[in-house]
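1. here is a sequence with its predicted model. Questions after.
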Amino acid sequence: MEILGIIPARYGSTRFPGKALVDIHGKSMIRRVVEQARQATSLTDVVVATDDERIREHVAAFGATVVMTSPHHQSGTDRCQEVVAQVDGAYQYVVNIQGDEPFIQPEQIDRLTAVLDGTTELATLIKRITDPAVLLNPNSPKVVISAGIVAEALYFSRQPIPYQRDRPQAEWLQHHTYFKHIGLYAYRTDVLAQITQLPPSSLERAEALEQLRWLENGFRIRVVETELETVGIDTPEDLEKIMYNAQ
């Protein structure tokens with residue numbers, strides 16, 4: 001199975017411009033992501049996808065493969081499709097690795113790719129929620145999954161679903177297992193080509209979650225549970241927390 005790992009990296013982040021190049025204890029954020037991804041045994045190749053010459057030069061300087069893509073993409077998914085169209089290789093799947101998670105564990109990538117058997121259209125990671133603050137945080141999307149050995153996503157939401165009508169909110173975690181979504185995606189390459197041609201859907205616009213577009217159009221998203229946490233850096237304050245905790 002040929003699997004391409006793609007790390008989208010923009011310079012013009014609204015909340016943290018240039019964060020891909022920020023220094024974290026002697027290495028840039030994007031370099032840390034690349035080095036972690038390269039340790040995943042299931043990936044055939046790892047490529048950085050960027051729209052900025054500064055990032056391209058930096059990535060090339062430390063010896064990683066980098067592909068220039070359009071600055072007009074609305075999501076990392078769209079950027080991944082452009083990369084697939086440019087690179088050589090007959091890849092069956094693409095893994096979209098977040099460029100702002102410098103401490104992503106290779107085991108997470110390998111756990112996700114373990115379910116890529118040719119029939120899986122799309123796959124992503126989920127993690128059980130044990131903290132009420134996470135459950136109620138709209139910036140931490142939740143996912144409702146199907147029953148059975150092969151679990152699939154039924155719906156993603158920024159709100160806790162299901163709503164437990166007859167119990168106080170403080171007790172919800174005691175009576176139901178909730179999962180948060182971890183934004184590591186795997187796409188079968190033919191499916192990737194299809195979903196990037198879809199117009200934004202009503203559910204996607206309502207929740208601001210692109211994966212709802214795929215569900216609304218009938219695509220199936222397999223979910224894989226992980227116990228490992230991910231730490232994304234969206235703001236300078238997030239970086240300060242990481243730097244402080246790493247001391």
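-> Cool, got the structure.

2. which residue ranges form the helices in the chain?
-> With DSSP state H as the criterion, the chain has helices at 29-38, 53-61, 76-86, 106-113, 132-135, 172-175, 189-195, 202-207, 211-216, 236-245.

3. how about these, which one is nearest residue 3?
-> helix 106-113 (5.7 Å; C-beta to C-beta). Bear in mind the C-beta positions are built from the backbone N, C-alpha and C, glycine included.

4. tell me which other helices or strands the closest one touches.
-> Here helix 106-113 touches helix 29-38, strand 93-96, strand 122-128, strand 179-188, going by 3 or more C-beta pairs under 8 Å, 6 or more residues apart in numbering; DSSP states H and E.

5. list the buried residues for the first one?
-> To tie it back to what came earlier, the one meant is helix 29-38. Within helix 29-38, the residues that count as buried by 16 or more other C-beta atoms under 10 Å are 29, 30, 31, 32, 33, 34, 36, 37.

6. closest to residue 105 out of those residues?
-> residue 36 (7.1 Å).

7. what residues are up against the closest residue to the closest one other than its chain neighbours?
-> Distances taken as C-beta to C-beta, 6 or more residues apart in numbering place residue 104 nearest to residue 36, at 5.0 Å, with adjacent residues excluded. Residues in contact with residue 104 (C-beta atoms under 8 Å, 6 or more residues apart in numbering) are 33, 36, 37, 97, 98, 184, 230.

8. can you check residue 202 too?
-> Shown in contact with residue 202 (C-beta under 8 Å, 6+ apart): residue 216.

9. looking at it, residue 191 is touching residue 121, isn't it?
-> Yes: taking C-beta atoms under 8 Å as the definition, residue 191 is a contact partner of residue 121 at 4.7 Å.

10. distance between the ends of stretch 25-33?
-> Across its full length, stretch 25-33 reaches 14 Å between end residues, using C-alpha to C-alpha, to the nearest Å.

11. now what about that stretch, what contacts it?
-> By C-beta under 8 Å, 6+ apart, the surrounding residues in contact with stretch 25-33 are 7, 9, 19-22, 24, 35, 48, 55, 58-59, 62, 64, 97-104, 233, 243, 246.
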